[in-house]
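missing the sequence, but the structure's below:
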């Protein structure tokens, strides 16, 4: 696996933390890693974006951001309102391939979910993944409703001929409720995706050295970790 696309079933569910964990696990194995954020929204120039947060947590990675739009909206809407050129799937694929020529692993972290629009033509992260012909890792919530949201995302991948690399829970609660505990058991059968990791609640607040030391324990062997459900 040279390029891996990371998407989610929604916003604010732990995509950046999971991306950082995969990056940290890979660098611990001696692999060179780049993280690509096609479109960062809702931040002013100079503020730390998702790619820079992955770099902070994971350590020695190459962090690349293609475009930044000031309002916290879908990339297509944010670009239009700012009067800026949008990022298109072809731009994402080209940037990822260039990074892959110089790195062992490239992680492409999307904005929001799989079908969030990048441009006015309706281009999405799924279109970028299709151009690259690479697998997509899905980051999901732990609680009620996550099985349906994850199943819909996996179905969208399947109809586009894309491989699902599995699902990772982006924030596993310290005190999981009944729904979360049941979801852990029901995930594969209900969603069609193998559960390949779970990052603990608050992982992004750990000191970087602690994060790097623990990252592999949150990910299954297929992602370079030692996690077992």
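Okay, I see it. Bear in mind the structure is a predicted one, so any value in this text is a computation, not a measurement.

just the pLDDT at the residue located most distally from the centre of the chain, thanks.
Distance from the C-alpha centroid of the chain peaks at residue 83, with 27.0 Å (CA atoms, centre = their mean). Looking at residue 83, its pLDDT stands at 96.

ok, it to residue 65 distance?
19 Å (CB to CB, to the nearest Å). For the C-beta atoms, the positions are set from N, CA and C on the backbone; glycine is no exception.

again, but for residue 116
Taking CB to CB as the measure, residue 116 falls 16 Å from residue 65.

more crowded one of those two?
Legend: neighbour count by other CB atoms under 10 Å for residue 116 and residue 65, higher for residue 116 (22 against 18).

tell me the contacts of the closest residue to that one other than its chain neighbours?
Taking CB to CB, 6 or more residues apart in numbering, and ignoring the residues beside it in sequence, residue 116 has residue 74 as its nearest neighbour in space, at 5.1 Å. Applying CB atoms under 8 Å, 6 or more residues apart in numbering to residue 74 gives the contacts 41, 111-112, 116-117.

helices of this protein, residue ranges please.
For the chain, helices defined by DSSP state H occupy the ranges 15-28, 50-58, 75-82, 89-100, 125-132, 146-159, 178-191, 208-214.

packing partners of the fifth one?
Which is helix 125-132. strand 3-8, helix 89-100, strand 105-113 (3 or more CB pairs under 8 Å, 6 or more residues apart in numbering; DSSP states H and E).

rerun that using 10 Å as the cut-off
strand 3-8, strand 33-41, helix 89-100, strand 105-113, strand 136-140, helix 146-159 (3 or more CB pairs under 10 Å, 6 or more residues apart in numbering; DSSP states H and E).

pairing partners for the second one, with directions?
The strands that strand 33-41 pairs with in its sheet are strand 61-69 (parallel), strand 105-113 (parallel) (by DSSP bridges).

of those strands, which stretch is the most buried?
strand 105-113 (a mean of 26; mean count of other CB atoms under 10 Å).

in the chain, where is pLDDT below threshold?
For the chain, the stretches flagged by pLDDT under 70 are 1.

want to throw the helices and strands packed on helix 125-132 into JSON lines with distance to residue 167?
Below are the helices and strands packed on helix 125-132 laid out as JSON lines (distance: least, CB to CB, whole Å):
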{"stretch": "strand 3-8", "distance to residue 167": "10"}
{"stretch": "strand 33-41", "distance to residue 167": "20"}
{"stretch": "helix 89-100", "distance to residue 167": "21"}
{"stretch": "strand 105-113", "distance to residue 167": "13"}
{"stretch": "strand 136-140", "distance to residue 167": "5"}
{"stretch": "helix 146-159", "distance to residue 167": "6"}
